[in-house]
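J.: would you be able to build a 3D model of this:
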Amino acid sequence: MQNTHSYCVRIAALAISSLFSLSSVAAVNSEQTTEETSQNNTEVVGYKLGGSLTFGYESNIYDKDDHRSVRNLSWDLSLNSPINKQYKVYFVTGAYRALEDETGDFWNDSLIKLKRYSIYNFGESGTIDLSGQLTIPTSEASRDDDLQTALRIDLPVGFKVWEADISVSPRIRKNFHQYKTAGGRSLTEWIYSLSMAADYSRNKFSTGVSALVGNTVSYQGTRRDTFDYGASAYVEYQFTDVLSGSLSASTSGFYTDAERGNLGDLELFDSDKAIFGANISLSF
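T.: Got it, this is the predicted structure:
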């Protein structure tokens, strides 16, 4: 794939290997788990690799001959494996083919994520989780800015309202660049944001809305005067146990960040542009 250095491929391969290694350790420990430990939440579960492969098409609905037209084909791979009943590890990567302007194939950033479920429970359905993720700078934009990695901490709070699942997640991300500026620009060191989502499912049909608001702080300590924000909505239908399809609408750059969580660059927002997408997902 053009514009992708070989070291990024090696890093991605190492991340996948790490995921399988962690899962293998969980499987070995599962065999050694005694009957006593199987009765508590720290029980190690057997090896189980799951995930999804998603193919999508995104467009801002402008005519393809219009200079404002944006059209992309994309694919995203998400892998996950439980370590025990409370911890799960994830690996996410993806790429897209730009059909307009600077055409070609480009990687998105990849990430490794560890999630701790139910650090605190409240009410009848309320839970507080904790997750941390490391960014692997496989995208062209991250490499151009000499991003070495980024660490993001999320504290999702989830609960039910009637039959809808509500999530409110404060998030903070620390970037680690090789330099504090790039091309005369001051680079972003901190990103703090609040993600909110509401989802409803009935039989094979799901729908939901989400919103994100946040701000950034540069390495020089400069904070923006205004907050960036965005919103998205989707509908999804489960055709079979492994095949689903969805339609979405969102502000530019928002949907990928809110759903996959690996970009985190609020400069991608463009509230004057709506992006519409259609996706097919295979789950395993």
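J.: measure stretch 191-210 end to end?
T.: 19 Å (CA to CA, to the nearest Å).
J.: so how far is it from its chain's centroid?
T.: Relative to the chain's own centre, stretch 191-210 is displaced by 14 Å; criterion: CA atoms, centre = their mean, to the nearest Å.
J.: list the buried residues for that stretch?
T.: The neighbour-count criterion (16 or more other CB atoms under 10 Å) identifies 191-193, 195, 197-198, 206-208, 210 as the buried residues of stretch 191-210. The way it works is simple: take the backbone N, C-alpha and C, and place the C-beta from them, glycine included.
J.: which of those fall within strands?
T.: Applying DSSP state E to those, the entries found in strands are 191-193, 195, 197-198, 206-208, 210.
J.: hey, where'd the helices end up in the stretch 1-150 of the chain?
T.: Counting by DSSP state H, counting those that start in this stretch, the stretch 1-150 of the chain has helices at residues 6-32, 140-144.
J.: avg pLDDT for the longest one?
T.: Mean pLDDT, computed over helix 6-32, is 42.
J.: got it, and the last one?
T.: In this model, helix 140-144 has a mean pLDDT of 90.
J.: now it - C-alpha only, PDB.
T.: Listed next in PDB are the C-alpha coordinates belonging to helix 140-144 (Å, rounded to 0.1, in the frame of the first residue of the first chain):
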ATOM      1  CA  GLU A 140       0.300   8.900   6.800                       C
ATOM      2  CA  ALA A 141      -0.800  11.900   8.900                       C
ATOM      3  CA  SER A 142       0.800  10.400  12.100                       C
ATOM      4  CA  ARG A 143       4.000   9.600  10.300                       C
ATOM      5  CA  ASP A 144       4.200  13.100   8.800                       C
END
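J.: how about it: buried residues?
T.: Neighbour-count burial for helix 140-144, counted by 16+ other CB under 10 Å, picks out 140, 142-143.
J.: still on that earlier bit, with pLDDT and distance to Leu247 added, can I get the ones in strands among the buried residues of stretch 191-210 in JSON lines?
T.: Shown next, in JSON lines, are those (pLDDT from 0 to 100; distance: CB to CB, whole Å):
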{"residue": "Ile191", "pLDDT": "92", "distance to Leu247": "29"}
{"residue": "Tyr192", "pLDDT": "92", "distance to Leu247": "31"}
{"residue": "Ser193", "pLDDT": "90", "distance to Leu247": "25"}
{"residue": "Ser195", "pLDDT": "90", "distance to Leu247": "21"}
{"residue": "Ala197", "pLDDT": "93", "distance to Leu247": "17"}
{"residue": "Ala198", "pLDDT": "96", "distance to Leu247": "17"}
{"residue": "Ser206", "pLDDT": "97", "distance to Leu247": "11"}
{"residue": "Thr207", "pLDDT": "96", "distance to Leu247": "10"}
{"residue": "Gly208", "pLDDT": "94", "distance to Leu247": "12"}
{"residue": "Ser210", "pLDDT": "89", "distance to Leu247": "15"}
